[in-house]
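> Attaching a predicted model along with its sequence, questions to come.
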Amino acid sequence: MCGIVAAVAQRNVQEILLEGLKRLEYRGYDSAGMTVFNDGVLTRHRALGKVAALTAQLDKAALPGFSGIAHTRWATHGKPSEANAHPHHSSDQVAVVHNGIIENYEAIKESLQRSGYAFSSETDTEVIAHLLFEKLADGLSLFDATQQIVNGLGGAYALGVMCAQEPGVVVGARQGSPLVVGVGINEAFLASDPLALLPVTDRFIYLEEGDLVELREQGAIRIVDRHGNDVERPIHTFEHGDGAASKGNYRHYMLKEIFEQPTVIEAALEGRLSAQSVLIESFGPMRWRFSSALATCISLPAAPATMRGWWRAIGWSAMRGCRCRSRWPLNIATATRSCPKARCLSPSPSPAKPPIPWPRYALLKPSTMWVRWRFVTCPVVRWCGSRICLS
């Protein structure tokens, strides 16, 4: 998954962008790059592999400047290589970073090639850089040029763009891929994940579908919706702390995410559950999807005392492969042992058994064992009657 970081600040942005890329490493990537506006030109460094390779380049040749964009790429169009790494330039006048996929890029590329544009990469992103250069040559501003070209882009994208003609300006666009604006003190930032910007701000604007944003010096922020109307989006304070972006004491990010699941689910369900039932009205306009049967099914007079304990019980029920009336992939009656209205739709429901501590056992059915075998990684695997034992 690709990552975007951009900044318009009153200080050197190189370290801000580099730290942001390091905090996006958990997403997975194959290359990294950075473009900074300095002395009237856009200067770029790109490297194949880890962000450490880009850091080594910056140690040899720094990129000082007050505005810039950076990116970590996960290859979609074109192999992992330095030529395919972002940012992509057009005549060293326009720089673009992009998350997502431009579905109609082949038709756009053929049209640009007929107009004389030469492509140096295999990516779908480079067409955006050339389209912007073409619009800027017609006298449009960077913001207006971006607003025009996004109407012709198909697919999902999050963009960060800048040009040499407008120093101290970064424009972003969002359609189908997340993009947030970081609000600083006389500074403004752009990223695909707020975790990338926590060292510089904890206040964020979450862009909506079709939004365009312009970041200028002194922290000026302008947002326009898909219809071209100036809008104001609320500013949210990030409350999870700086440690949310690090691995902590875990060996890797996936292990951390596994152990954080109860906490994350508890936070997601907060305000949506009472002591006795699900608060259907809290699910907003789509609450009609949650039938009244679900509200009465999830009654918890004898459930664990905390929401986290309740959800862990439901998790064990889900692992057993049952389905209840509400068509959720879990059997709440088995989980809580207290709900007479929940009916399991399994062909031959079996009586509830106490859950077996994870990860010592993988609860796999013999019929699906061969499907999931490739995902089991452990020192010793042995068959224990009806289960695969991990020891």
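All right, it came through fine. Please read these numbers as outputs of a predicted model, since none were measured by experiment. Residues are numbered from 1 along each chain as shown.
> Residue 158 belongs to a strand, doesn't it?
Yes - checked against DSSP: H, G, I helix; E, B strand; the rest coil, residue 158 lies within a strand.
> tally of neighbours for it?
Residues near residue 158, counting by other Cβ atoms under 10 Å, number 24. Heads up, the C-betas are built off the backbone N, CA and C, glycines and all.
> residues in contact with it?
When contacts are counted by Cβ atoms under 8 Å, 6 or more residues apart in numbering, residue 158 touches 4, 98, 99, 100, 172, 173, 174, 175, 177, 178, 179, 192.
> Tell me which helix or strand the first one sits in.
Which is residue 4. strand 3-8 (DSSP states H and E).
> give me every residue that touches the residue nearest to residue 210 when sequence neighbours are not counted.
In space, and not counting its chain neighbours, residue 210 is closest to residue 226: 2.8 Å by Cβ to Cβ, 6 or more residues apart in numbering. Shown in contact with residue 226 (Cβ under 8 Å, 6+ apart): 209, 210, 211.
> Next step: the residues you listed restricted to helices.
Among the contacts of residue 226, none falls in helices (DSSP state H).
> Which one of these sits in the busiest neighbourhood?
Greatest neighbour count in these, by other Cβ under 10 Å, goes to residue 211: 20 neighbours.
> Touching, that one and residue 177? I think so.
No - if you go by Cβ atoms under 8 Å, residue 211 and residue 177 don't touch, sitting 11.8 Å apart.
> Buried subset of the contacts of residue 158, written for ChimeraX?
To isolate the buried subset of the contacts of residue 158 in ChimeraX, counting by 16 or more other Cβ atoms under 10 Å, use the following:
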select :4,98,99,100,172,173,174,175,177,179,192
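> Using JSON lines, lay out the contacts of residue 158 together with secondary structure, pLDDT and distance to residue 237.
Shown next, in JSON lines, are these (DSSP: H, G, I helix; E, B strand; the rest coil; pLDDT from 0 to 100; distance: Cβ to Cβ, whole Å):
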{"residue": "4", "secondary structure": "strand", "pLDDT": "95", "distance to residue 237": "22"}
{"residue": "98", "secondary structure": "strand", "pLDDT": "94", "distance to residue 237": "29"}
{"residue": "99", "secondary structure": "strand", "pLDDT": "92", "distance to residue 237": "24"}
{"residue": "100", "secondary structure": "strand", "pLDDT": "89", "distance to residue 237": "28"}
{"residue": "172", "secondary structure": "strand", "pLDDT": "97", "distance to residue 237": "21"}
{"residue": "173", "secondary structure": "strand", "pLDDT": "96", "distance to residue 237": "25"}
{"residue": "174", "secondary structure": "strand", "pLDDT": "93", "distance to residue 237": "21"}
{"residue": "175", "secondary structure": "strand", "pLDDT": "90", "distance to residue 237": "26"}
{"residue": "177", "secondary structure": "coil", "pLDDT": "88", "distance to residue 237": "23"}
{"residue": "178", "secondary structure": "coil", "pLDDT": "89", "distance to residue 237": "18"}
{"residue": "179", "secondary structure": "coil", "pLDDT": "94", "distance to residue 237": "18"}
{"residue": "192", "secondary structure": "coil", "pLDDT": "91", "distance to residue 237": "19"}
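> Residue 140: which of the contacts of residue 158 is nearest?
Comparing the contacts of residue 158 against residue 140 with Cβ to Cβ picks out residue 173 as the nearest, at 14.8 Å.
> if we can go back for a sec, from residue 207, how far out is the residue nearest to residue 210?
11 Å (Cβ to Cβ, to the nearest Å).
> now, among the contacts of residue 158, which is nearest to residue 57?
residue 4 (19.3 Å).
> Not counting sequence-adjacent ones, nearest residue to that closest one?
Excluding its sequence neighbours, the residue lying closest to residue 4 (Cβ to Cβ, 6+ apart) is residue 192, at 4.4 Å.
> Test my guess that the one you found contacts residue 21.
No - Residue 192 lies out of contact with residue 21 (Cβ under 8 Å); the separation is 11.0 Å.
> So for those two, which residues contact both of them?
Common neighbours of residue 192 and residue 21, counting by Cβ under 8 Å, 6+ apart, are 3, 5.
> Give the closest residue to residue 141 in space, chain neighbours not counted.
In space, residue 141 is closest to residue 166, 7.0 Å off (Cβ to Cβ, 6+ apart).
> pretty sure that neighbour is touching residue 144, no?
No - shown here, residue 166 and residue 144 do not form a contact pair, counting by Cβ under 8 Å, at 11.1 Å.
> Relative to residue 254, how far out is the closest residue to residue 173 other than its chain neighbours?
Sequence neighbours aside, residue 159 is the residue nearest to residue 173 in space, at 4.4 Å (criterion: Cβ to Cβ, 6+ apart). The spacing between residue 159 and residue 254, counted by Cβ to Cβ, is 29 Å.
> More neighbours: which of the two?
For residue 159 versus residue 254, neighbours defined as other Cβ under 10 Å are more numerous around residue 159 (28 against 10).
> And the contacts of the strand holding residue 4?
The contact list for strand 3-8 (Cβ under 8 Å, 6+ apart) reads 13, 16-17, 20-21, 24, 27, 29, 66-72, 97-99, 158, 160, 162, 168-170, 172, 179, 187-193, 196-197, 200, 215-217, 219.
> before we move on, back to that, bridged to the residue nearest to residue 173, which residues?
Beta-bridge pairing of residue 159 under DSSP bridges involves residue 98, residue 173.
> so where do the strands sit in the stretch 1-150 of the chain?
3-8, 31-38, 41-48, 67-73, 88-90, 94-102 (DSSP state E, counting those that start in this stretch).
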